[in-house]
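[1] A predicted structure for the sequence below; I have some questions about it.
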Amino acid sequence: MPLKAPVDPDAVRSLSTAMREGSQAAHDAAEASPFVSELMGGKVNEQGYVDYLLRLRMVYAALETAMRANRDDALVASVYDPALERLSAIEADLDFWAGGAVADVDSPAAQAYCDRIAAASTSALLAHHYTRYLGDLSGGQAIGRVLDRTFELDGAGLSFYEFPVRAKPYKDAYRARLDELALAPDEIARVVDEVRFAFGLNQDLFDELADNLTSYYRDAPV
């Protein structure tokens, strides 16, 4: 009796399911970073959050430039939405948290992230868009609530977490658009690999911030 070829799990999963399940371990590893844990615990001070925003400014500038440049491609067009763009919101938050103009940050981790995005194929851009924006509409909302509560902001300085959409219906529609692409199994595998890589880049960024945690604690000496 002939042996059956092994079944590729991505071949029997929708794109959105493959992206979520195939990157779960990388997602969990990034969230387990000490910087993220301390930020979610309300222990990171204003400077620590500013340094985080400065890195995000680099990443979103690269991602949004690349998405606009490729918005006519079918893969990019399936998720491209100017309403999601975060760069102007980050600039507004930096103005609030840092009191005006702030210098660019020297961040090898953020630069590596930007370089990866700049060199990305359109299928890889799809992966990076998914990783960042669906994350912002999911766990990112929890970060916003922690900051609001910790610093008693009453919503001020949190533009990054404010979207002109309802999160759950938008995410459901986003995943449906991914699945309508009907990618072949090898294409799905490439997208999933890039989602994993994107989470690794985020982990590198968090680990870089964690190297400065002693100066970021809210009770750290000035």
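    Perfect, I can see it now. Here the structure is a predicted model, which is why all the values come from computation and not from measurement. Numbers count the residues shown, from 1 in each chain.
[2] Do you know the pLDDT at the spatially most central residue of the chain?
    What sits nearest the mean C-alpha location of the chain, by Cα atoms, centre = their mean, is residue 132, with 2.4 Å. Residue 132 is assigned a pLDDT of 98 by the prediction.
[3] again, but for residue 7
    Reported pLDDT for residue 7: 42.
[4] Surely the residue nearest to the centre of the chain forms part of a strand?
    No: per DSSP: H, G, I helix; E, B strand; the rest coil, residue 132 lies outside any strand segment and is helix.
[5] wait, isn't it in contact with residue 60?
    Yes: assessed by Cβ atoms under 8 Å, residue 132 is found in contact with residue 60 at 7.4 Å. Placement of C-beta: from N, CA and C, glycine included.
[6] low pLDDT regions in this structure?
    For the chain, the stretches flagged by pLDDT under 70 are 1-12, 220-222.
[7] Near residue 163, how many other residues are there?
    For residue 163, the count of nearby residues is 18 (other Cβ atoms under 10 Å).
[8] What ranges does this protein have for its helices?
    15-22, 24-31, 34-40, 46-69, 74-77, 87-98, 108-118, 122-129, 135-136, 139-150, 167-180, 185-210, 213-216 (DSSP state H).
[9] who's in contact with stretch 211-218?
    34, 35, 38, 42, 43, 44, 45, 47, 48, 51, 209, 220 (Cβ atoms under 8 Å, 6 or more residues apart in numbering).
[10] Filter those residues down to the buried ones.
    35, 38, 43, 44, 45, 48, 51, 209 (16 or more other Cβ atoms under 10 Å).
[11] wait, isn't the last one in contact with residue 52?
    This points to residue 209. Yes: using Cβ under 8 Å, residue 209 is in contact with residue 52, at 6.1 Å.
[12] what touches both of those two?
    Common neighbours of residue 209 and residue 52 (Cβ under 8 Å, 6+ apart) are residue 35.
[13] if we can go back for a sec, need the max-distance pair from the buried ones among the contacts of stretch 211-218.
    Pairwise distances across these (Cβ to Cβ) peak at 14.6 Å, for the pair 43 and 51.
[14] Tell me how far residue 204 lies from residue 116.
    According to Cβ to Cβ, to the nearest Å, residue 204 stands 11 Å off from residue 116.
[15] sorry, that was for residue 21
    Residue 21 is 23 Å from residue 116, by Cβ to Cβ.
[16] Tell me which of those two has more neighbours.
    residue 116 (18 against 13).
[17] which non-adjacent residue is nearest that one?
    The shortest distance from residue 116 to any non-neighbouring residue, by Cβ to Cβ, 6 or more residues apart in numbering, is to residue 201 (6.3 Å).
[18] how near is the one you found to residue 20?
    In terms of Cβ to Cβ, residue 201 sits 18 Å off from residue 20.
[19] Between the two, tell me which one has more neighbours.
    The neighbour count for residue 201 versus residue 20, taken as other Cβ under 10 Å, is higher for residue 201 (22 against 17).
[20] Excluding chain neighbours, what is closest to residue 132?
    Nearest one to residue 132, counting by Cβ to Cβ, 6+ apart, is residue 63 at 6.2 Å.
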